[in-house]
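Visitor: Give me a 3D structure for the following:
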Amino acid sequence: MNIHEDGVSSRSVRYFWTPSSFAERIFYYPTRIGHYYCDRRYHFTCQCDTALQTSHRLNFMLMLVKHGRFDLTIEGRHFSAERNHLVLFDCKQPHEYSAATDDLEFFWLLFNGAQTSALYREILNLHNTGHVFSLTDPAPIQLGMTKLLTYGEMSQRAPEHTSSDTIYSMLCHLLSSGAPAGSDLDAIITRSLAYMDQHFDAPLSVEDVAGHVSLS
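Guide: Below is the predicted model of the structure:
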């Protein structure tokens, strides 16, 4: 697929999904995914035509930087993202980013799902560095991105529950990687995720999950 965006190399790829109504109610689901190679001309803002489309604006963005550097402004805060940095933000909020080097390479995923908002808040709270953070082991995120890209390449897409499982695994890795060493948070997170998994079809709130693990 030719990508007509300034600064995006011809070797870049991206794929689109339209989730079923069932997936929107039950699963985590991708709407777009890409593996981009960019130079300094690359620039994206929430005011551009692509960002105003529903398939972008109503979802969440996860990026993994493989090489080079990003400059970002998210919800009025300025960030820099380099190799193995993760970027996570809500596309409904103001955002803008551009390549700061001519060798930028990154994976990106637009996604959503019934419990995404709650997990999103928990991930940001755990990492406590804003919308850009590093992981000791980013390999599971790259593996998840690569799986979804492979599904996108297939003439017949993978079942929606398979994509959902891949996204869920990445989000769980972001949660577990944000837990301070030597704390009981790993056990709390495991119990919380198990509770959400057992009640995935219920209208759970953050308060419900917190109460289950005896937290406010």
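Visitor: Report how many residues lie close to Val65.
Guide: 23 (other Cβ atoms under 10 Å). Yep, even glycine has a C-beta here, placed from its N, CA and C like the rest.
Visitor: quick check, it in a strand?
Guide: Yes: counting by DSSP: H, G, I helix; E, B strand; the rest coil, Val65 falls inside a strand.
Visitor: Look up how far Leu86 lies from it.
Guide: 8 Å (Cβ to Cβ, to the nearest Å).
Visitor: Can you work out which other helices and strands pack against the lengthiest helix in the chain?
Guide: Longest helix of the chain, by residue count under DSSP state H: helix 160-177. Counting contacts by 3 or more Cβ pairs under 8 Å, 6 or more residues apart in numbering; DSSP states H and E, helix 160-177 packs against helix 21-26, strand 28-38, strand 104-113, helix 116-127, helix 139-153, helix 185-198.
Visitor: ok, 7 Å please
Guide: Judged by 3 or more Cβ pairs under 7 Å, 6 or more residues apart in numbering; DSSP states H and E, the packing partners of helix 160-177 are strand 28-38, helix 116-127, helix 139-153, helix 185-198.
Visitor: Quick check: bridge partners of Met14?
Guide: Quick fix: residue 14 is Arg, not Met. Gly34 (DSSP bridges).
Visitor: residues touching it, list them.
Guide: Arg14 is in contact with 1, 3, 32-34, counting by Cβ atoms under 7 Å, 6 or more residues apart in numbering.
Visitor: Tyr29 is in contact with Pro19, correct?
Guide: Yes: with contacts counted by Cβ atoms under 7 Å, Pro19 reaches Tyr29, the gap being 4.0 Å.
Visitor: If you count surrounding residues, which of the two has more?
Guide: Tyr29 (24 against 20).
Visitor: Just checking: what are the partner strands of the helix or strand encompassing Val132?
Guide: Using DSSP states H and E, Val132 maps to strand 132-134. Paired with strand 132-134 in the same sheet, following DSSP bridges, are strand 85-90 (antiparallel).
Visitor: The residue nearest the centre of the chain is in what secondary structure piece?
Guide: What sits nearest the mean C-alpha location of the chain, by Cα atoms, centre = their mean, is Leu62, with 2.5 Å. Per DSSP H and E: Leu62 is located in strand 60-67.
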